[in-house]
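Undergrad: no sequence on this one, just coordinates:
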């Protein structure tokens with residue numbers, strides 16, 4: 001799992017919690033670090049903060065989201081932000097986020113949401129495979 005958050009305290013908290021939940025976690029605090037890590041390791045999931053610069057807007061996080069989705073289509077991406085207004089949520093979902101969640105979020109809920117997202121992805125893939133197989137007969 002890749003955690004991307006410029007607040008190293010928050011990122012460390014996520015890393016420790018997801019580690020105890022059984023996930024291998026790498027942390028990036030900048031867009032270049034996240035791109036480098038994603039290029040070196042195949043991740044199943046990413047937890048992404050949108051505002052990656054102190055006082056900055058969401059452009060960095062959204063551009064990273066788009067790049068991750070383009071380069072890693074199977075990656076489950078959860079966006080977690082304190083600035084989840086309707087436009088930001090719509091933009092993130094349009095760029096490929098699986099879920100957009102408001103900070104703060106209880107850590108146990110994040111694990112449950114991540115696991116549920118994996119289940120939904122697997123069910124969707126299974127359903128698509130069934131439709132394709134039926135169409136081949």
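TA: Great, that's in hand. Please read these numbers as outputs of a predicted model, since none were measured by experiment.
Undergrad: list the buried ones in the helix or strand hosting residue 33?
TA: Using DSSP states H and E, residue 33 falls within helix 31-40. With burial defined by 16 or more other C-beta atoms under 10 Å, the residues of helix 31-40 counted as buried are 31, 33, 34, 35, 37, 38. Every C-beta, even on glycine, is put in place using the N, C-alpha and C of the backbone.
Undergrad: The second one and residue 122: what is the separation?
TA: So that's residue 33. Using C-beta to C-beta, to the nearest Å, we find residue 33 at a distance of 29 Å from residue 122.
Undergrad: now swap in the last one and tell me
TA: Applying C-beta to C-beta, one obtains 22 Å for the distance of residue 38 from residue 122.
Undergrad: give me the low-pLDDT residue ranges for the protein?
TA: For the chain, the stretches with pLDDT under 70 are 54-59, 127-137.
Undergrad: What's the biggest strand in it, counting residues?
TA: The longest strand of the chain (DSSP state E) is strand 76-81.
Undergrad: Sheet-wise, list the partners of it with their directions.
TA: The strands that strand 76-81 pairs with in its sheet are strand 45-48 (parallel), strand 99-102 (parallel) (by DSSP bridges).
Undergrad: Out of those strands, which is the most enclosed?
TA: strand 45-48 (a mean of 24; mean count of other C-beta atoms under 10 Å).
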